[in-house]
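In: Turn this into a structure:
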Amino acid sequence: APAPVTMTAEELDHAAEVLGYAAVKYADLKSNRISSYVFSYERMLATTGNTAVYLLYAHARLCSIIAKSPLNVEELKRQRTPIRLDHPAELAFGVCIARFQEKLEEVLRELYPNVICEYLYEAC
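Out: Predicted coordinates:
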């Protein structure tokens, strides 16, 4: 197993600040703009569910998987390697990814940013 990552006190403070801002901004965006809004640090900073903390954690996990992979992502892109979706979970994720443009257009048309937040959570 790789050695745990250590952070300086300054790096930890910076990460906490970034995470705090992200949590508040995302909580604001994920709420339907015509619904009542309840401000709750506990819900905003939850590590599970549709929160910035969860999405950032999922992103960090994906980056870690890619970094540990023996495959070179840039080389795969250059080769235009076909993508095979053999497993049902892969197929479901492929369908989800294919809906990105549709969801983005819905957000722009309806002016409901919560739609893209729900989409991102579903993709994770």
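In: Pull out the buried residues from the helix ranked longest in the chain.
Out: Determined from DSSP state H, the single longest helix within the chain is helix 9-30. For helix 9-30, burial by neighbour count (16 or more other CB atoms under 10 Å) applies to L19, A22, A23, Y26, A27, K30. Where you see a C-beta, it was placed from the backbone N, CA and C, and this is true even at glycine.
In: Would you check which pair of those lies furthest apart?
Out: Across the buried residues of helix 9-30, the longest distance by CB to CB is 15.7 Å; it joins L19 and K30.
In: quick one, what contacts Y121?
Out: With contact taken as CB atoms under 8 Å, 6 or more residues apart in numbering, Y121 is in contact with K30, G49, N50, Y54, L55.
In: for the helix or strand that contains E118, which positions count as buried?
Out: Using DSSP states H and E, E118 sits in helix 114-123. Neighbour-count burial for helix 114-123, counted by 16+ other CB under 10 Å, picks out N114, V115, I116, C117, Y119, L120, Y121.
In: Mind putting these into a markdown table with pLDDT?
Out: Formatted as a markdown table, the buried residues of helix 114-123 follow (pLDDT from 0 to 100):
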| residue | pLDDT |
| --- | --- |
| N114 | 95 |
| V115 | 96 |
| I116 | 95 |
| C117 | 95 |
| Y119 | 96 |
| L120 | 95 |
| Y121 | 95 |
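In: Serialize these to CSV and add fields for distance to L108.
Out: Below are these laid out as CSV (distance: CB to CB, whole Å):
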residue, distance to L108
N114, 13
V115, 10
I116, 10
C117, 14
Y119, 13
L120, 16
Y121, 19
